[in-house]
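1. A predicted structure for the sequence below; I have some questions about it.
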Amino acid sequence: MSQIEGRLGSAVPEDERPVVLPDAFEQARGIEPDEDVARWLRRHYASAVTIVTSFSDEGLFGVTVSAFAYISLEPLLVLVALGNDSQTGERIVASGSFGVSLLTNRHRFVADRFAGRAPLVDRRFSDVPHLMARTGSPLLADAIAWLDCRLESAQPGGDHTIYVGRALAVGHGTGDEEDPLLYFNSRYARLS
Ligand SMILES: Cc1cc2nc3c(=O)[nH]c(=O)nc-3n(C[C@H](O)[C@H](O)[C@H](O)COP(=O)(O)O)c2cc1C
């Protein structure tokens with residue numbers, strides 16, 4: 001099975017799987033979180049959407065990520081959390097670097113593609129307008145902005161790994177900075 005078939009093969013995307021909420025949670029009595037409740041909580045936290053990229057001898061890699069956060073301004077440190085089986089995560093560790101591109105509302109299809117929900121024409125990003133970071137990752141040219149990061153640490157975080165990066169270079173893309181792509185309750189959204 002090819003990589004793309006494999007990515008598209010998973011029937012229902014993880015974050016669209018139905019969840020069952022215990023009565024005690026719905027009645028606001030408070031419970032120890034199980035995986036369904038954790039999924040519900042994550043879905044009800046509105047976030048922006050990014051593409052996190054890296055590379056290897058096999059080519060360029062990108063993944064749609066909402067678990068992105070700024071940690072420190074000076075130096076500029078950011079984190080991304082990727083599932084422990086992430087192919088992109090493996091490349092980030094091997095290359096010691098990653099790129100982050102901040103998406104606009106016009107990137108809904110791009111976000112679906114890098115989440116494995118729509119076919120990627122090829123892994124070289126040739127049909128996705130991009131530039132190459134100094135550290136080697138592709139960056140979306142029509143993003144709101146991009147960050148070229150050196151990996152500072154990769155820390156276990158349960159079923160995810162937390163990658164902390166130091167931005168060595170940042171750039172303003174051609175995307176509309178007033179129109180970020182948002183994600184809430186498994187749906188894309190925009191500010192207004
Ligand atoms: C809007 C959106 C946000 C996502 N955010 C994350 C995330 O923060 N971390 C993550 O591991 N996967 C996230 N995913 C799922 C990955 O994009 C998807 O599982 C992808 O196929 C993983 O590819 P990889 O193996 O290269 O990491 C998100 C998907 C969507 C549609």
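-> Happy to help now that I have it.
2. quickly note the distance from the residue most central in space within the chain to the ligand.
-> What sits nearest the mean C-alpha location of the chain, by CA atoms, centre = their mean, is residue 65, with 1.2 Å. As judged by CB to the nearest ligand atom, to the nearest Å, residue 65 and the ligand stand 4 Å apart. The way it works is simple: take the backbone N, C-alpha and C, and place the C-beta from them, glycine included.
3. repeat that for residue 177.
-> Taken as CB to the nearest ligand atom, the span from residue 177 to the ligand is 19 Å.
4. can you pull the contacts of that residue?
-> 144-145 (CB atoms under 8 Å, 6 or more residues apart in numbering).
5. which residue packs closest to residue 25, ignoring adjacent ones?
-> Of all residues not flanking residue 25 in the chain, residue 31 sits nearest, at 5.1 Å (CB to CB, 6 or more residues apart in numbering).
6. identify the residues contacting that neighbour.
-> 22, 24-25, 37.
7. which SS state does it fall under?
-> coil (DSSP: H, G, I helix; E, B strand; the rest coil).
8. list of residues touching the helix or strand where residue 151 lies?
-> Assessed by DSSP states H and E, residue 151 sits inside strand 145-157. In this structure, residues lying in contact with strand 145-157 by CB under 8 Å, 6+ apart are 76-78, 81, 89, 92-93, 95-102, 133-135, 137, 139-140, 161-173, 177.
9. noted, bye for now.
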